[in-house]
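>>> heads up, no residue letters with this:
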């Protein structure tokens, strides 16, 4: 029905303004009911957006927006399904649609298609693409910290959303598993390592060893010489050192997968800098052969990436001793993936402090003649400030999740409304994970934020716990009502404002998903779900299901069931497992 209404309106607009009907589609959308100026009109089209995108010529000025919109609206034929028109002061044309047929069709579509209903409309991508998402990327022997949390949840969201649209997605974790710091780690383990502690908690023990050897390094410069010697031996294929490296790497991946599992995260490929430790020198030779690189005054190999070829911006691809750098391995990885996957899009989900790194890397690839560089995108994000637990400053993500679980157990024990659940520990863990992940994704990508434990764990307000509570509440109602869900129901019973608001908001899910996909912003989905939770709460408080006449009860239950379906779909995009009881 949403597609039918959109097509009907765009046909009218293209006939009046001129131009291809398909170009108007993305500018006709269901109206957000939470907007203050919502007047009950179900669809809208902004004349400003049409003008900005060249669909109205000459371009409309701000002063003439309302008159231009009025001129177009006056030429629109009022015919089913459009029953009324209203022009807003900011030049938005609002379309009123026959409410009950619209509600019937929208909810029936959700009943029929379930979680997939928002991904198959007329604005869904029509061509299946190959998408690569590189994210998380922790370093072996270094903390899996809050910065990795942001990369992990944002990258997983982008991968989930791309898959939901039917794209072929490969999720890659490029781990920091090579370099001089590994020489330090191997030296440190020989001095401070303990096999028993390593077996019990590999990540924390390796980090402890790494901290101790770096403390030694601060007072003894010979440590660096020894570490470099060990690293050189590792690069040359020393079997004993390589076996230790392999063991540390595998133990780290096995251990970190436990954290990923809690977050609902998985990877198709665990790669690493080690994979490109040799291939990166092929890139260096290519740069020299094509005469793209030059030796700097410092003896480093550099590539001029400035617009005017004046070395005002350059990428350093080797040190003065000829050894490789991060960018060299990233160049090799990009070329390797282009050859292996022939991707249509590749995302690098890395914090904003690495913007210059990716800018110079993309420009270097462009100078090398790779046109597919235009398919690369750095998805940048801000930092988490003041991350701490009751035990002090957070180093490991596992500590954050444990803290969230512990606090949720305390909250559940103190709450008078908590239901008896089969596994209290597992429920508290899932609630804690939802709280942490939503706290992260409720902010715009580029914004920094501080974690607030008290707010994020509340069951009321805009939190992950609130979303879980809303889902569990809907599951409880559906279980107690015992009403079969089918297409035999009457939308004319949904007359109250709270039901009409909820249905209108459900219709907006497709648009929220599309905007999130276009911007890579999880906050678009998170905010949508917050509004959904509040509309559900208002409807549950005002509309009785159990005890109402059977036909009224069924219509309301269909609406609540569809709300639960959409809520679950949105939560799963965020990698949050919806709870049925809490």
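All right, it came through fine. This is a predicted model, so every value here is computed, not measured.
>>> what segments of the stretch 401-550 of the chain are helices?
Assigned by DSSP state H, counting those that start in this stretch, the stretch 401-550 of the chain shows helices spanning 424-441, 453-456, 464-481, 497-507, 509-519, 523-542, 550-573.
>>> what mean pLDDT does the fourth one get?
Going back to what we said before, that points to helix 497-507. On average, the pLDDT along helix 497-507 is 95.
>>> name the helices or strands packed onto that helix?
When contacts are defined as 3 or more CB pairs under 8 Å, 6 or more residues apart in numbering; DSSP states H and E, helix 497-507 packs onto helix 99-113, helix 523-542, helix 550-573. C-beta coordinates here come from the backbone N, C-alpha and C atoms, glycine included.
>>> most remote residue from the protein's center?
Most distant residue from the mean C-alpha position of the chain: residue 222, 44.8 Å away (CA atoms, centre = their mean).
>>> burial of residue 219, as a residue count?
Residue 219 is flanked by 7 other residues according to other CB atoms under 10 Å.
>>> quick one, phi psi at it?
For residue 219, the backbone dihedrals are phi -110, psi -10 (criterion: degrees, to the nearest 10).
>>> do you know how far it is from residue 228?
Residue 219 sits 18 Å away from residue 228, going by CB to CB, to the nearest Å.
>>> with residue 113 instead?
When residue 113 is compared with residue 228 (using CB to CB), they lie 59 Å apart.
>>> buried set for the lengthiest strand in the chain?
Using DSSP state E to define each element, the chain has its longest strand at strand 168-175. Across strand 168-175, burial judged by 16 or more other CB atoms under 10 Å covers 169-175.
>>> my guess is residue 133 meets residue 171, correct?
Yes - in this structure, residue 133 is within contact of residue 171 by CB atoms under 8 Å, at 5.5 Å.
>>> overlap of the contact sets of those two?
155, 159 (CB atoms under 8 Å, 6 or more residues apart in numbering).
>>> pLDDT below threshold where in the stretch 301-450 of the chain?
386-395, 416-420 (pLDDT under 70).
>>> so which residues of it form strands?
For the stretch 301-450 of the chain, applying DSSP state E, counting those that start in this stretch gives strands covering 301-304, 314-318, 345-349, 376-379, 384-385, 388-389, 392-393, 449-450.
>>> from the buried residues of strand 168-175, pick the one nearest residue 45.
residue 169 (32.6 Å; CB to CB).
>>> hey, what's that closest one bridged with?
residue 131 (DSSP bridges).
>>> so it sits right up against residue 131, yeah?
Yes - judged on CB under 8 Å, residue 169 makes contact with residue 131 at a distance of 4.8 Å.
>>> any figure for the gap between residue 72 and residue 91?
Counting by CB to CB, the gap from residue 72 to residue 91 is 10 Å.
>>> more neighbours: which of these two?
Counting neighbours by other CB under 10 Å for residue 72 and for residue 91 shows that residue 91 has the greater number, 23 against 20.
>>> report pLDDT for that one.
91.
>>> give the contact list for it.
Contacts of residue 91 (CB under 8 Å, 6+ apart): 46-48, 60, 65-66, 68-69.
>>> so which of these wins on neighbours?
residue 47 leads the contacts of residue 91 on contacts (other CB under 10 Å) with 29 neighbours.
>>> stretch 12-21 spans what distance, first to last residue?
Start-to-end span of stretch 12-21 (CA to CA, to the nearest Å) is 9 Å.
>>> for it, the averaged confidence score.
What stretch 12-21 shows for mean pLDDT is 92.
>>> which parts of it are buried?
Here stretch 12-21 shows 12-14, 19 as buried, counting by 16+ other CB under 10 Å.
>>> ok, now stretch 110-126?
Result for stretch 110-126 [16+ other CB under 10 Å]: buried residues 110-111, 117-119, 121, 123-124.
>>> now intersect those with the helices, please.
Among those, the residues falling in helices (DSSP state H) are 110-111.
>>> any regions of the stretch 1-150 of the chain where pLDDT drops low?
Checking the stretch 1-150 of the chain against pLDDT under 70 turns up 35-38, 146-147.
>>> residue 45: what secondary structure?
At residue 45 the chain is in strand, as set by DSSP: H, G, I helix; E, B strand; the rest coil.
>>> now do the contacts for residue 152.
Applying CB under 8 Å, 6+ apart, the residues near residue 152 are 135-136, 260, 263, 265.
>>> can you do 10 Å?
The contact partners of residue 152, by CB atoms under 10 Å, 6 or more residues apart in numbering, come to 135-138, 144, 173, 259-260, 263, 265, 267, 349, 397, 437, 440, 575.
>>> what does stretch 62-78 contact?
Residues contacting stretch 62-78 (CB under 10 Å, 6+ apart): 9, 12-13, 15-17, 45-48, 50-51, 56, 60-61, 82, 84-96.
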